[in-house]
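Enquirer: Okay, sequence plus prediction incoming.
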Amino acid sequence: MNFRFFNFLVVAVVAVTMMFLGCKKSEELSFDVPSDSILIEVNRAGDEGTTSFASHNISAVNVVSTPSGWEVTDIDMYAKTITVKSPATFDDGEVREGTLSLSGYSPRGTLKSVSIHVAILQKPDIDYRNAPANCYVAPQAQTRYLFNAMIGGSTTPLETVSLRLIWQSVSGLVPYIDFENGVGSFYVEALAENEDENEEYFEPGNALIGAYDAQGELIWTWHIWVTQSNPADDTITLNGVEMMNRNLGANCNSEGKNDPKLIGQSYGMYYQWGRRTPIVGPQTWNFSANFDMTLWDANGVDMAVKYTESTAETGSVAWAERNPRVIITGNKDNAYDWLYEGHDDSLWSTTSKSEHDPCPAGWRLPTSELFEGLTISPVDDAMDWHEAQTMYGWRLVYADAPSGEAFFFSAAGRRNYIDGRLDIVNDDDVCPVPWAGYYWTATTTDDGKAEAMFFDLNSATRTWNGFDAARSMHRANAMPVRCVRE
């Protein structure tokens, strides 16, 4: 073969191949609306709402369908925004909410479709913009909640480009998340109707929302605490300090009632000392097989808690911040702290609310002094063992006033510092049940540990039940917490 012709042939083949690959690459496209919703404020019928979209290789967007009375007034391909106008009246079949369907097209006509939920809200927003925190309480359904993307309850803004759901304990718990002009929002809707009481019902649970920068890196998170009543309205007073009467992340306090639903909803979230991101508890109220609670992403796909050991790479605050779904097991060379080197006593503070404090605005973590002078109620202590274990917790009273007010704390146990697994089952062969209570405080010790309120049911001898107001514990343990008023 002529060498010159062979070179020409090779060049031609390469050119055709590059053309084919170029055409193939040009067909790669994406079209997504991160918030999945446009929500119009209550009593603002006839108003416009805007959301942004993300796209690649989309040259045109077509409106496929709109709910009755709704109108798409603008699609800005440069700014990548979609503006919708809601109906002003509802006399001719117009609807307050529905689904808007759009199609995005590549230059070659390839189609990618998206759906957007549009609605006129039925209730006013709950505005947390002036009350920044790492946790936001959502006690009301069919409501939008607003907050500023700030660092740890401060007024320091984050370089946020988008907000996304990291996980939720109930699928569909927080269906719509948005971020616009520095303001984040999430929405809680009723998941079902309570037929018995003919009223709005929504499933309680917890979720974690993340802030992402322009590079798509996770830079902060917020715990969303969805509960059927406001924790700030149900409090107790210990040693002169007002405390929530439920665990952080719990829907209620079971108050010792032998009701599986109440018991399960009383445990709340678990926290490794110094970390503000919550870790879920057991899948079932009685810790059956000690399975972890299932988590769900925004698409209803199940996820699981992850585990890793503390190393030079994973045992840092920065790594923990980027991996909020991971339990970091203890480092034996660092007093079983999840931190690989040294101990950071400032992560949680006894003197002021730190930027890593997991409590809502106006609340903070307690010190161990809060539990001084308490003991297990003599009535509970003298109770028949089989009856006592059905309570899944103890009532605590002041030792010098045993007949006074009693305060019930759930026996929610802990995730242990060695492997992160739920570690609360007693040694009874007939009916092994979780029967130990651990509650973190912000108080640290000189040997790299921290103090927790502790109690248990002594199932070995059934003659003595233990209580310790300030037990020294390894910081890699994950435990419930109770928040106190600032």
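Expert: Perfect, thanks for sending it.
Enquirer: Kindly check the end-to-end length of stretch 228-235 for me.
Expert: Stretch 228-235 has its terminal residues 15 Å apart, counting by C-alpha to C-alpha, to the nearest Å.
Enquirer: What mean pLDDT does that stretch get?
Expert: Averaged over stretch 228-235, pLDDT sits at 95.
Enquirer: Stretch 351-363 now?
Expert: Summarised as a single mean, pLDDT over stretch 351-363 is 96.
Enquirer: what does stretch 451-466 give?
Expert: Averaged across stretch 451-466, pLDDT comes to 73.
Enquirer: Next: stretch 249-256.
Expert: Mean per-residue pLDDT for stretch 249-256: 97.
Enquirer: hey, C-alpha coordinates of that stretch in CSV?
Expert: Output in CSV follows, covering the C-alpha atoms of stretch 249-256 (Å, rounded to 0.1, in the frame of the first residue of the first chain):
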residue,chain,number,x,y,z
GLY,A,249,-35.3,14.4,67.5
ALA,A,250,-38.1,12.5,69.4
ASN,A,251,-41.8,13.0,68.7
CYS,A,252,-42.8,12.6,72.4
ASN,A,253,-41.9,11.4,75.8
SER,A,254,-43.5,8.0,76.5
GLU,A,255,-43.8,8.8,80.2
GLY,A,256,-43.3,5.1,80.9
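Enquirer: Residues in contact with that stretch: which ones?
Expert: Contacts of stretch 249-256 from elsewhere in the structure, counted by C-beta atoms under 8 Å, 6 or more residues apart in numbering, are 204, 206, 223, 225, 227-229, 234, 245-247, 262-263, 265-269, 278, 391-393, 395, 408, 410, 480. Where C-beta positions appear, they are placed from N, C-alpha and C, glycine not excepted.
Enquirer: Please pick the buried ones from the residues you listed.
Expert: By the neighbour-count criterion of 16 or more other C-beta atoms under 10 Å, the contacts of stretch 249-256 include these buried positions: 204, 206, 223, 225, 227, 245-247, 262-263, 265-269, 278, 391-393, 395, 408, 410, 480.
Enquirer: so of those residues, which ones are in helices?
Expert: 262-263 (DSSP state H).
Enquirer: Which of the buried ones among the contacts of stretch 249-256 fall within strands?
Expert: Filtering those for membership in strands, criterion DSSP state E, returns 206, 223, 225, 393, 395, 408, 410.
Enquirer: Hmm, which of those residues is lowest in pLDDT?
Expert: Least confident of these in the model: residue 393, at 92.
Enquirer: re earlier: may I see the ones in strands among the buried ones among the contacts of stretch 249-256 organised as CSV, with distance to residue 313 added?
Expert: Compiled in CSV, those are given as follows (distance: C-beta to C-beta, whole Å):
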residue, distance to residue 313
206, 28
223, 25
225, 31
393, 39
395, 45
408, 42
410, 35
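Enquirer: Widest-spaced pair of those residues?
Expert: Looking at these by C-beta to C-beta, the two members farthest from one another are 223 and 395, with 28.1 Å of separation.
Enquirer: end to end, how far does stretch 410-418 reach?
Expert: Using C-alpha to C-alpha, the span of stretch 410-418 from its first residue to its last is 23 Å.
Enquirer: Show me which parts of it are buried, residue by residue.
Expert: 410-417.
Enquirer: Kindly report the same for stretch 295-307.
Expert: Residues of stretch 295-307 classed as buried: 295-296, 298, 305 (neighbour count, 16+ other C-beta under 10 Å).
Enquirer: Could I get those residues in a markdown table, plus columns for pLDDT and distance to residue 157?
Expert: Rendered in a markdown table, the data for the buried residues of stretch 295-307 read as follows (pLDDT from 0 to 100; distance: C-beta to C-beta, whole Å):
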| residue | pLDDT | distance to residue 157 |
| --- | --- | --- |
| 295 | 96 | 29 |
| 296 | 95 | 30 |
| 298 | 91 | 25 |
| 305 | 94 | 31 |
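Enquirer: Greatest separation within those: which pair is it?
Expert: 298 and 305 (17.8 Å).
Enquirer: all helices for this structure, in order.
Expert: Counting by DSSP H, the chain has these helices, from start to end: 3-26, 260-264, 317-322, 378-381, 385-388.
Enquirer: Out of the buried residues of stretch 295-307, which comes closest to residue 155?
Expert: Set against residue 155, the nearest of the buried residues of stretch 295-307 by C-beta to C-beta is residue 298 (29.0 Å).
Enquirer: And the pLDDT at the nearest residue to that closest one once chain neighbours are set aside?
Expert: Setting aside the residues directly before and after it, residue 298 is nearest to residue 165 in space (C-beta to C-beta, 6 or more residues apart in numbering), at 4.4 Å. You'll see residue 165 listed with a pLDDT of 96.
Enquirer: can you start the count at 18 instead of 1 from here on
Expert: In the new numbering, first residue 18, that becomes residue 182.
Enquirer: need the contact list for residue 182.
Expert: By C-beta under 8 Å, 6+ apart, the residues touching residue 182 are 191, 194, 224-227, 314-315.
Enquirer: quick one: which of the residues you listed has the most company?
Expert: Highest neighbour count within the contacts of residue 182: residue 224, with 26 neighbours (other C-beta atoms under 10 Å).
Enquirer: Where does the prediction get shaky in the stretch 318-467 of the chain?
Expert: Judged by pLDDT under 70, the stretch 318-467 of the chain has its weakly predicted residues at 441-451.
Enquirer: again, only using 80
Expert: Along the stretch 318-467 of the chain, segments meeting pLDDT under 80 span 402-403, 440-452.
Enquirer: about what we covered before: as JSON lines, the buried residues of stretch 427-435 with distance to residue 357 would be great.
Expert: Listed next are those as JSON lines, based on distance: C-beta to C-beta, whole Å:
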{"residue": "427", "distance to residue 357": "32"}
{"residue": "428", "distance to residue 357": "32"}
{"residue": "429", "distance to residue 357": "28"}
{"residue": "430", "distance to residue 357": "26"}
{"residue": "431", "distance to residue 357": "21"}
{"residue": "432", "distance to residue 357": "19"}
{"residue": "433", "distance to residue 357": "18"}
{"residue": "434", "distance to residue 357": "14"}
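Enquirer: Filter those residues down to just the ones in strands.
Expert: Using DSSP E, the members of those that fall in strands are residue 427.
Enquirer: Of the buried residues of stretch 427-435, which is the nearest to residue 489?
Expert: The shortest separation between residue 489 and any of these is 12.3 Å, and it belongs to residue 434 (by C-beta to C-beta).
Enquirer: Strands of the stretch 268-417 of the chain, residue ranges please.
Expert: Applying DSSP state E, counting those that start in this stretch to the stretch 268-417 of the chain gives strands spanning 288-289, 312-313, 319-320, 323-326, 343-346, 380-381, 391-393, 410-415.
Enquirer: you'd agree residue 230 is up against residue 181?
Expert: No. Distance between residue 230 and residue 181: 11.9 Å, which falls outside the contact criterion (C-beta atoms under 8 Å).
Enquirer: Counting neighbours, go ahead and name the busier of these two.
Expert: Set side by side, residue 230 and residue 181 show more neighbours around residue 181, with 17 against 14, by other C-beta under 10 Å.
Enquirer: Who are the contact partners of that one?
Expert: Per C-beta under 8 Å, 6+ apart, neighbours of residue 181: 51, 194, 226-227, 229, 315.
Enquirer: Quick check: the farthest pair among those?
Expert: For these, the farthest-apart pair by C-beta to C-beta is 229 and 315; their separation is 13.4 Å.
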